[in-house]
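Student: Fold the following, please.
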Amino acid sequence: MKQANTAPKPPSAETRASHHEMANAIRVLAMDAVEKANSGHPGMPMGMADVATVLFRDFLKFDPKHPHWPDRDRFVLSAGHGSMLLYALLYLTGYEDMTLEDLKKFRQLGAKTAGHPEYGHATGIETTTGPLGQGLANSVGMALAEKMMAARFGEELTNHYTYALVGDGCLMEGISQEAISLAGHLKLNKLIVLFDDNHISIDGPTSLSTSDDTVKRFQASGWNTSAIDGHNEAEIHAAIAKARNSDKPTLIACRTTIAYGAPTKAGKSSSHGSPLGKEEIAGTRTKLGWDSPPFEIPDPVLAGWREAGVRGGTVYDAWIGNEPQAVNREFEDFLSGDLPEGWQEKFQAFKKLLAEKKPNEATRKSSQEILEILNPIIPALIGGSADLSGSNNTKTGALSAISAEGFRGRYMYYGVREHAMGAVMNGLALHGGFIPYGGTFLVFSDYCRPAIRLAALMGLRVIFVMTHDSIGVGEDGPTHQPVEHLASLRAIPNLHVLRPCDATETAECWEIAINARNIPSVICLTRQNLPALRAEYTDKNLCALGGYVIREEASHIRKVAQVTLVATGSEVSIAVEAQKLLSAHNVSARVVSLPSMELFNAQPESYRKRVIEDGTIVVAVEAAAKFGWEKYIGPYGMFVGMQGFGASGPGPDLYKHFGITADDIVKKVLERL
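Tutor: You can find the predicted model right below:
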């Protein structure tokens with residue numbers, strides 16, 4: 001029976017569906033879709049169906065006809081393996097782009113209903129989840145964004161809640177503690193976490209691996225808490241109602257039975273990540289009193305759900321007419337993601353000044369100077385650092401601190417929470433309007449890599465400022481000297497990894513990052529001072545080409561270069577010095593700056609071949625691992641860089657020790673020639 005995705009007439013009192021019937025609709029859709037796909041996780045949707053029913057029917061502010069409504073409540077399924085819970089809710093409440101046919105295609109190639117929820121596949125999916133704990137930290141970012149938007153535009157336009165559904169796995173992941181600690185510190189009282197406390201993990205009962213008192217843990221982090229029967233409608237309702245009036249974020253621990261209603265698999269780990277099987281499904285239908293065949297929802301039950309879906313329409317209509325047009329226009333302009341008019345003129349004026357001044361400085365310092373220009377003219381920028389503000393140079397004069405006492409600030413002190421910082425920034429970007437950037441050392445990108453990867457997967461404009469980007473860190477030694485990190489980050493699809501060689505390139509990398517609406521960026525910056533190599537001003541962004549010739553070969557030696565020196569960041573100046581030394585040996589070399597492999601690879605082959613010419617000896621120079629350079633240097637080229645970990649000592653000494661100097665380059669080239 002094909003059912004239209006439109007709201008039916010509200011049911012009469014005699015035919016209105018009961019709570020259990022509405023919750024059971026989620027359960028049967030979940031187990032039927034998983035069975036049809038022969039893959040998936042039926043247990044969690046069946047266990048949390050009662051909680052989800054009360055939330056969506058009685059509390060959640062949303063309107064399926066206006067799914068991008070800025071003031072909607074956010075619902076984040078952090079336990080993304082239970083994706084059929086979300087897909088069932090979207091269909092039942094009347095989202096037009098989630099149909100029964102979509103549910104039947106669960107986990108199939110090209111379907112909206114992916115194994116784990118994927119942002120952008122369908123409206124109502126607020127974030128991509130699956131890697132446990134990420135959604136919880138995203139929800140902290142969304143709740144923070146709500147506070148900041150309300151501080152800017154008033155509660156008439158921004159006044160909503162963020163709900164996150166988490167499981168035991170989410171709370172075992174280390175990111176969860178970082179996130180809940182930050183949320184408690186900020187007193188994000190419109191954040192409500194619903195904990196599926198079913199005592200089951202994949203390996204078996206959670207007692208195999210943990211004995212935490214989760215409620216006390218949240219209390220210690222500054223949260224209000226409650227513990228309820230997750231199958232008791234009245235208790236669920238009362239707990240959410242109380243949480244909505246809290247002065248702190250709230251955890252509601254919902255004691256549930258995984259695969260609730262299944263005759264032999266309820267409460268067992270076997271129901272977590274496998275289809276129930278035909279016999280178990282038949283028994284579940286009998287136990288739940290559900291007579292309808294797979295993917296058919298009785299009209300009264302569907303009507304009850306669709307009534308819940310249309311409930312937000314009147315609230316949306318009231319919201320639309322709430323404020324004067326001028327305020328709405330400013331609000332809409334902010335949410336559009338467009339950069340303000342006039343920013344480019346000020347940016348180009350600063351870039352021209354750099355060409356005149358030719359500063360000899362660390363690129364982290366150059367980055368701060370650029371932010372001093374950008375932050376006052378782009379109010380969407382939200383800065384921050386993981387307890388390294390003075391080292392990352394991410395704090396500027398225009399930015400005041402965000403705190404529990406006031407959310408009009410634009411600078412977030414994340415503390416030593418790199419992983420949460422990345423995921424919170426993703427939440428800020430997902431909420432809309434904000435362009436977050438956050439800093440740490442490049443070596444600690446490992447701590448926030450899962451969040452960086454998800455930013456790339458979702459196509460978010462999030463900027464990761466990674467300083468101290470090589471052995472130039474010096475005395476702090478190999479624990480703080482990134483070696484493999486550039487290659488590791490470059491391996492992530494849809495991510496700009498930008499490593500500028502001087503102040504002008506740093507400015508251009510920032511321009512790339514803030515213009516990249518659907519691609520996150522990692523800007524890698526030095527601790528040590530670097531000379532200005534871009535001597536002349538151009539309004540063109542040469543870094544946007546990924547790579548370009550920064551020093552042409554000396555034509556008085558040969559008309560065609562014998563050697564192409566390709567370098568990034570701090571090693572470009574070393575390559576330039578090597579070019580001069582090679583010239584003294586009558587060797588013609590050109591120098592290529594390659595601030596972004598990704599952007600260079602995207603250029604036409606003809607351009608790439610003009611920059612890195614065939615027939616020349618290609619020498620790649622980077623104080624990092626060789627991995628990834630092979631495609632540029634070819635079988636006859638050379639790599640000058642790191643072969644292992646760094647060491648403790650002054651930066652200049654380390655460059656000599658590891659053979660990354662102009663003299664070393666010249667020696668290798670002459671030997672090859």
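Student: can you map out the helices along the stretch 51-200 of the chain?
Tutor: Secondary structure of the stretch 51-200 of the chain (DSSP state H, counting those that start in this stretch): helices at 83-93, 100-104, 134-153, 168-172, 174-186.
Student: Looking at these, spot the one closest to residue 272.
Tutor: Comparing the helices of the stretch 51-200 of the chain against residue 272 with C-beta to C-beta, the closest turns out to be helix 168-172 (9.9 Å). C-betas here are computed from N, CA, C, even on glycine.
Student: what sits up against that closest one?
Tutor: Applying C-beta atoms under 8 Å, 6 or more residues apart in numbering, the external contacts of helix 168-172 come out as 78-79, 132-133, 135-136, 176, 195-201, 206, 209-210, 212, 214.
Student: Equivalent analysis for stretch 309-318, please.
Tutor: With contacts defined as C-beta under 8 Å, 6+ apart, stretch 309-318 is touched by 7, 60-66, 69, 72, 92-95.
Student: Among the residues you listed, the buried ones, what's the PyMOL command?
Tutor: Per 16 or more other C-beta atoms under 10 Å, the buried members of these correspond to this PyMOL selection:
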select buried, resi 7+60+61+62+63+64+65+66+69+72+92+93+94+95
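Student: Determine which two of the contacts of stretch 309-318 are furthest apart.
Tutor: Greatest spatial distance among the contacts of stretch 309-318 (C-beta to C-beta): 69 and 92, at 18.8 Å.
Student: sorry, back to before: using JSON lines, lay out the contacts of stretch 309-318 together with distance to residue 632 and pLDDT.
Tutor: Formatted as JSON lines, those follow (distance: C-beta to C-beta, whole Å; pLDDT from 0 to 100):
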{"residue": "7", "distance to residue 632": "58", "pLDDT": "32"}
{"residue": "60", "distance to residue 632": "52", "pLDDT": "98"}
{"residue": "61", "distance to residue 632": "53", "pLDDT": "98"}
{"residue": "62", "distance to residue 632": "50", "pLDDT": "98"}
{"residue": "63", "distance to residue 632": "52", "pLDDT": "97"}
{"residue": "64", "distance to residue 632": "50", "pLDDT": "98"}
{"residue": "65", "distance to residue 632": "52", "pLDDT": "97"}
{"residue": "66", "distance to residue 632": "49", "pLDDT": "97"}
{"residue": "69", "distance to residue 632": "48", "pLDDT": "96"}
{"residue": "72", "distance to residue 632": "47", "pLDDT": "98"}
{"residue": "92", "distance to residue 632": "53", "pLDDT": "98"}
{"residue": "93", "distance to residue 632": "52", "pLDDT": "98"}
{"residue": "94", "distance to residue 632": "53", "pLDDT": "98"}
{"residue": "95", "distance to residue 632": "47", "pLDDT": "98"}
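Student: middle-most residue in the protein, spatially?
Tutor: Centroid check for the chain by C-alpha atoms, centre = their mean gives residue 455 as the closest residue, at 3.0 Å.
Student: Let me know the distance separating it from residue 415.
Tutor: 20 Å (C-beta to C-beta, to the nearest Å).
Student: what does residue 620 give?
Tutor: Using C-beta to C-beta, residue 620 is found at 38 Å from residue 415.
Student: Just the helices from the stretch 351-500 of the chain, written as ranges.
Tutor: In the stretch 351-500 of the chain, the segments counted as helices under DSSP H, counting those that start in this stretch are 363-377, 389-392, 418-431, 445-458, 485-490.
Student: Need the contact partners of the first one.
Tutor: Contact partners of helix 363-377, identified using C-beta under 8 Å, 6+ apart, comprise 340, 342-343, 346-347, 350, 354, 359, 381, 383, 391-399, 410, 465, 467-468, 500-503, 505-507, 510, 514, 523, 525-527, 530, 569-570.
Student: Could you check how far that helix is from the centre of its chain?
Tutor: Offset of helix 363-377 from its chain centre (C-alpha atoms, centre = their mean, to the nearest Å): 23 Å.
Student: list the buried ones in it?
Tutor: Under the neighbour-count criterion of 16+ other C-beta under 10 Å, helix 363-377 has 363-371, 373-375, 377 buried.
Student: can you put those in CSV and add pLDDT and distance to residue 665?
Tutor: Shown next, in CSV, are those (pLDDT from 0 to 100; distance: C-beta to C-beta, whole Å):
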residue, pLDDT, distance to residue 665
363, 98, 21
364, 98, 25
365, 98, 27
366, 98, 25
367, 98, 27
368, 98, 31
369, 98, 30
370, 98, 30
371, 98, 34
373, 97, 35
374, 97, 36
375, 97, 39
377, 96, 41
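Student: Need these in CSV (columns: distance to residue 258).
Tutor: Listed next are these as CSV, based on distance: C-beta to C-beta, whole Å:
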residue, distance to residue 258
363, 51
364, 49
365, 54
366, 54
367, 48
368, 51
369, 55
370, 51
371, 48
373, 54
374, 49
375, 48
377, 52
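Student: quick one: which of those is nearest residue 441?
Tutor: For the buried residues of helix 363-377, the nearest to residue 441 is residue 364 (10.3 Å; C-beta to C-beta).
Student: How much space separates that closest one from residue 623?
Tutor: 16 Å.
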